[in-house]
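In: heads up, no residue letters with this:
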C-alpha cells in the first residue's frame, strides 16, 4: 500500500510543475506502459491474499484515476494554450468590407399596386385584368360614351389603325365591361393596370396606371361607395382620420357621379394627407350607369352598384413624397434606388402595408 | 365658362357672400377652377426693397442694386437714381411691364454690360407726380410688410372660372348657373326682363331648310334689322366682354357674344346686303369651299350643314360664319340667326375640319331648342338700343317641334340608389326650381324635362339631380362588408407577384417603361413578330408597341451607363405585343445585367458578367416559384438577339414544345449598334404565359419523408467527349443508370488542351452512391462503377480518361 501511495505522491508532485507534451507522454509510459509502475502493481494483485486484495485493488484504481485525470488535464491545458497562441496570429481586420451582396428594388408603382390589392382583399375584392390594347367598343361605346359624345374629347387616345377601331385603353374601365360580360353578378373586383393617353407634360405622361373598382349586387348604394373609399383612403395613407369630400361630377359610365377630394396641408415643404384645409382631387366614382349594365347583359332593375377609378402613380407620389410623375418611367438608376422598395417588404394585411 | 359675380347677380337675387357662392357651386357639381381678379397690366408693379447697391463697373453714375421683390431670390436691377440706396422701399417694375408714363414695355436688357431685370420707377414714370429726379420713396411704416405685393390695387372684378362637364350645356350660360344656385337654396332666380320690342313687317329674306337625309339643322329663326349704325360697344358691354378675357370687336358682334354667354344662346349676324337673294340651309356637296371668319379656306365634304345663298356657302351652321357675309363697322342691315343644330352633325363636321369655336362647343353639347325666340328678342332689343334700326317680325322655320320629353319617376328609386331619404315635398321643390314640370300619381311622378337639359333622359338622371342639389354630404358612410366572392388573386397573378419579387431579390432593380418604343431599337428584338405602329404617336421615337422588353431596357441601360454607372441589373415585368388585337399580348419578365462581377474587390477576382450569372438567376427564380430543377431541359437555341454560342432556352420538361425562358449574352452586334459600352451584357426573359401550373401544390400533402443512414460513397470520373457534347446529356445518362443508388452527380471540372485531343474535352464528375437498404460492399461499388463507365461510353461515344 505504501508503495503505491509513494508512487502517487511522487507523480502528483511531478505533475504540478510546468511540463511539455513529451514529458507528459513519458510520465504516462512510466505509469501505465507495459512495465509501468501502475501496470505492474495491477499485475501483483493476483499474489495478494484474498482479504487484502479487495482493498488494494480499490486503492490502486482510485490512484490510477487520479493520476490519469491529472495527466489528461495537463495535456488539455497545453493544447488550449497552443491553440490560443496560434489564433493570436490568425487575426484579420474584420472592419474590411464584407463579401459583395446585391440588393434589388421593387418599383414604387408595383409596391403601390400590392398595397392597394392588399387593402381591397381585406374587404372582399378580387383582382381582374384586361388587355392594354382595346377596341373602341369596350373602351368607349359599351361604357355609354358613343362616338358623337363630347366626353370622348376628354381622353386623348392613341390609335392603332386609321379607322380608330383599335386603341390603347385610356382607362381601366373596359375591364368592368369584360368582367361583367364574362360572368354573373354579384361582382366585386378591382382592376389595376397600365393606361394610355397622348398627353405629355410635367403632370401628364403618355402612360400611367389606374385601378378600377366595381361592386355590383342587389342593393349596393352610394353609402357603400362612400364607406368603401373612406376605408381605402384611410388604410392606404395609414392614418386614423381622413377628411374626404364627395363632389358631384360627370362621367358617362356612372350616374350619379362624383369626384373625391381629400384634405391636406403643407408641412415643411411636404404634403401631409388627412389634415389641413386644402383639397386634393384623387379619384372619380359613381353608381354604374344603367346603360352600361344593359350593355353587359346585367339587368339594371335587379342589380346596381358602384365603380371608381384611381390614379395609382398619383397615390404613390402623395404617399411617398415623389414630385415628378415623369421620373416614374425614366429608369434613372439613382431614382430607382432611392424610391424603390426592398423585395422582401411585401405589403400584407397582417403585417401592415409599409415598414 | 367664365363670368363675374356681378353678372351672376343680374340673374340671381342673393344675399350670400362671394365665397359662399363659390362653395355652393362646387357642392352642386359646377367645379370652380379659379376665382381671381382679372390680370391687370399694373399687377407687374411691386413693392420692393433695395438690399444692397454696388457701383456699376462701367459707368460712374449707375449702380447695380440687389432688390428684394418678395420672391425666393433677389433680382439685379441697374439704376441711375441718386437716391437708390440700401434699405430703401420703392416700386419695382418687372420685365414685361408697361410704364404708365410713356407706354414703354420693359425687357430684360444689358445696360453697359450688366444685365438689368426690370426697373425701379420714379413717381413721374408711374404718373403719381412730376417728381422724376429719383426713384419713388415709400414710407417704411406703411410698406415694410408689403414687399412683393402689388403696388397698385387691382380694381378689376373677380372672375369665376367654372369647369363645366360635357353633360351640362345649360351651365355654359350665366343664367343656367344662376338657376342651379337658386335650386340649391342660394337665392332666387330673377325673371328675364322682357321689354316689348317693336317689330314691324315680315322678314324679307326667304329662309328654307332643305329636306334631306342627315339634315343638321332643325330650327332656323331669323329677323332682319334694317338701318343700324354699327359702332364701338358701350362701356358696360365692353367691360363684360373684357372681364371674360375676350376682345370687344363691334357692338353687333359683342351683343351676339353677350347673349351667347348670358343665355347660352349662340347667334349669328349676317350683313343682309351681302346675302344673295335667299337663305338655304342644306347639306354641303363634296368639294365646295368657303372662307371662314378665322380667315382660313375650308374645303367641305358631303353632308355638312351649311347656310348658303344663291351664290354658295355663307357659313357652317353652328360652327363658324364666313367672311363673305360677315358684319363690318359700316354694315347697315343685318340678318340675325338663332337656330338649332343637331349635336351629332356639329361634332362630325367640326372633327373632320378640325374647327373649334364657342358656338361649336355649345351646339355639340346641346342648345335649348326652345330658346330661339328668346335669343332673337334679347339681341334685337340690345341692337336697336345701341345701334338703332328697325326690327322685322321673326321668321321661324322648323322641321321638329321639340316637345318636352317626359319621364316617369318612381320616388323610391332615390333612396334605393343613394341610401338616404329626402322628403317628397323637398324633391318636388328641387325639381321645380330646376325647371321640371310634374303631375303626381301616387308614388310615381310624371315629369316634363326642361328643354335646356338634353342630358336628362331616364330616371337615374333625376336621382342625380336631386342628390346633387340636396348635397353629397347627406350620403351615409357605410362600413364595408368583408365577404369575399372570389380569391383575391388567381394563379397567374400570384405567379406574377412572386416572380417579380423573386427576380428583384437577386439584385435586379425593377423598372417600369413605356409599352411603346422606338421602332429602330425594336427591330433588333422583334424577331418574327408583327410591327404594331401607333397612328398618332407622342413622338416619332415612340412610334410602335414593343415586341420585346429588351427594347426599352437596353435603351435605358445605355442612358445609365452614360451617367457613369457600370455594373447594373435591371428588370421589367409587363406586356409585349404580338399583334394589334385586344389580347394579343404576352406577360414577360425581361432582365439585363451589365459590367463586371466583383469590380474593384479586395478579396474576390473581378470578371465580366457572363451567361452563367443570368442562368443562375433565372433557374433559381423558377425553382423558387416551385418548378422542379431536375426536370428542366436546356437547349442551345435562342432568339437571334442573343449571342449564337452563349445563350440558351429553358423548358420545364424535356417534352415541352415551348420554352418558358431564354438566357444568354446579348448579341455583340446589337450591343455595338446601340453603342452600349460595357464589359459584358447578359440577360434573360421569362414568358409567364408559357409557365404551366405546378402539378404539386403546397396545399397538397408532401410525400413521406424518406432517408438513408447507410454509408455514402463518392467516386470521381473523367470522360473525354466531343467538344460540342453537352454536359446535360452526360448527367442524364448517368442519372438514368440506377436512380436508387446514384444520389447526386456534380461536374467539377471541364478541361481542354494538353493531353486532350483536338475537338475533344474532358468532363470530370463526382458521383455519390448510396443505397437505402444496406451498406454497399466494395464489390457492389465496383459493379456500379463499371456500369457507369460502360453506359457512358456506349451511349455517348465518350472514353474514360485513364
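Out: Yes, it's here. These figures come from a predicted structure and were not determined experimentally.
In: show me where the stretch 201-350 of chain B has strands.
Out: B:206-209, B:217-226, B:268-271, B:278-283, B:289-291, B:297-299, B:305-309, B:312-316, B:334-341 (DSSP state E, counting those that start in this stretch).
In: same check, this time on chain A
Out: A:126-127, A:133-135, A:166-168, A:187-196, A:207-217, A:244-251, A:254-267, A:270-273, A:278-288, A:304-311 (DSSP state E).
In: Return the list of helices and strands in contact with the third one.
Out: With contacts taken as 3 or more C-beta pairs under 8 Å, 6 or more residues apart in numbering or on different chains; DSSP states H and E, strand A:166-168 sits against strand A:133-135, helix A:136-139. (C-beta placed from N, C-alpha, C; glycine too.)
In: would you turn those into CSV with distance to residue B:640, mean neighbour count and mean pLDDT?
Out: Shown next, in CSV, are the helices and strands packed on strand A:166-168 (distance: least, C-beta to C-beta, whole Å; neighbours: other C-beta atoms under 10 Å in any protein chain shown; pLDDT from 0 to 100):
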stretch, distance to residue B:640, mean neighbour count, mean pLDDT
strand A:133-135, 26, 24, 96
helix A:136-139, 35, 20, 95
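In: quick one: which of these is nearest chain B?
Out: Closest to chain B of the helices and strands packed on strand A:166-168 is strand A:133-135 (C-beta to the nearest C-beta; 5.1 Å).
In: buried set for stretch B:758-777?
Out: B:760, B:761, B:762, B:763, B:765, B:767, B:769, B:770, B:771, B:776 (16 or more other C-beta atoms under 10 Å in any protein chain shown).
In: Do me a favour and get the end-to-end distance for it?
Out: 39 Å (C-alpha to C-alpha, to the nearest Å).
In: need the helices and strands packed on strand A:166-168 in TSV with distance to residue B:566, can you?
Out: Formatted as TSV, these follow (distance: least, C-beta to C-beta, whole Å):
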stretch	distance to residue B:566
strand A:133-135	37
helix A:136-139	44
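In: looking at those, which is closest to residue B:543?
Out: strand A:133-135 (15.6 Å; C-beta to C-beta).
In: other SSEs contacting that closest one?
Out: Applying 3+ C-beta pairs under 8 Å, 6+ apart, one finds that strand A:133-135 makes contact with strand A:166-168.
In: quick one: contacts of the strand it packs on?
Out: Contacts to strand A:166-168, defined as C-beta atoms under 8 Å, 6 or more residues apart in numbering or on different chains, come from residues A:132-136, A:139, A:157-160, A:195-196, B:515, B:534, B:580-582.
In: Drop anything exposed from those residues.
Out: Applying 16+ other C-beta under 10 Å to the contacts of strand A:166-168 flags A:132-136, A:139, A:157-160, A:195-196, B:515, B:534, B:580-582 as buried.
In: returning to what we had before: check the strands of the stretch 201-350 of chain B for me and report the most buried one.
Out: Greatest average neighbour count among the strands of the stretch 201-350 of chain B goes to strand B:334-341 (a mean of 27), per mean count of other C-beta atoms under 10 Å in any protein chain shown.
In: Walk me through which strands that one pairs with, and which way each runs.
Out: Strand B:334-341 has its sheet partners listed here by DSSP bridges as strand B:217-226 (antiparallel), strand B:268-271 (antiparallel).
In: Columns mean pLDDT on top of those, output as a markdown table?
Out: Listed next are these as a markdown table, based on pLDDT from 0 to 100:
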| stretch | mean pLDDT |
| --- | --- |
| strand B:217-226 | 96 |
| strand B:268-271 | 96 |
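In: Enumerate every residue touching residue B:644.
Out: Contacts of residue B:644 (C-beta under 8 Å, 6+ apart): B:638, B:667.
In: Secondary structure element for it, which one?
Out: Counting by DSSP states H and E, the element that carries residue B:644 is strand B:642-651.
In: Please report the distance of residue B:224 from residue B:559.
Out: 68 Å (C-beta to C-beta, to the nearest Å).
In: Determine which two of the buried residues of stretch B:758-777 are furthest apart.
Out: B:760 and B:771 (34.2 Å).
In: ok, for the residue of the stretch 201-350 of chain A found nearest chain B, nearest residue in space, not its chain neighbours?
Out: Nearest residue of the stretch 201-350 of chain A to chain B: residue A:248, at 3.0 Å (C-beta to the nearest C-beta). In this structure, residue A:248 finds its nearest non-sequential neighbour in residue B:29, 3.0 Å apart by C-beta to C-beta, 6 or more residues apart in numbering or on different chains.
In: what's next to the helix or strand hosting residue B:8, contact-wise?
Out: Assessed by DSSP H and E, residue B:8 sits inside helix B:5-9. Here helix B:5-9 makes contact (C-beta under 8 Å, 6+ apart) with B:18, B:21, B:157, B:158, B:160, B:174, B:177, B:178, B:181, B:240, B:243, B:262.
In: Need the residues you listed in CSV (columns: distance to residue A:254, secondary structure and neighbour count).
Out: Conversion of the contacts of helix B:5-9 to CSV gives the following (distance: C-beta to C-beta, whole Å; DSSP: H, G, I helix; E, B strand; the rest coil; neighbours: other C-beta atoms under 10 Å in any protein chain shown):
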residue, distance to residue A:254, secondary structure, neighbour count
B:18, 32, helix, 12
B:21, 27, helix, 21
B:157, 36, coil, 14
B:158, 33, strand, 16
B:160, 26, strand, 23
B:174, 28, helix, 25
B:177, 23, helix, 27
B:178, 27, helix, 25
B:181, 24, helix, 25
B:240, 37, helix, 24
B:243, 35, helix, 18
B:262, 32, helix, 20
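In: could the residues you listed go into CSV alongside distance to residue B:470 and pLDDT?
Out: Listed next are the contacts of helix B:5-9 as CSV, based on distance: C-beta to C-beta, whole Å; pLDDT from 0 to 100:
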residue, distance to residue B:470, pLDDT
B:18, 23, 91
B:21, 18, 94
B:157, 31, 79
B:158, 28, 85
B:160, 23, 93
B:174, 24, 96
B:177, 18, 97
B:178, 19, 97
B:181, 14, 96
B:240, 33, 88
B:243, 32, 82
B:262, 28, 95
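In: who are the neighbours in contact with whichever residue of the stretch 1-150 of chain B sits closest to chain A?
Out: Here the stretch 1-150 of chain B gets closest to chain A at one residue, residue B:29, 3.0 Å apart by C-beta to the nearest C-beta. Neighbour list for residue B:29: A:247, A:248, A:249, A:250, B:165, B:168, B:468 [criterion: C-beta under 8 Å, 6+ apart].
In: Kindly report the same for residue B:664.
Out: So residue B:664 contacts B:611, B:614, B:638, B:642, B:643, B:646, B:647, B:648, B:682, B:683, B:684 (C-beta under 8 Å, 6+ apart).
In: Cool, thanks, signing off.
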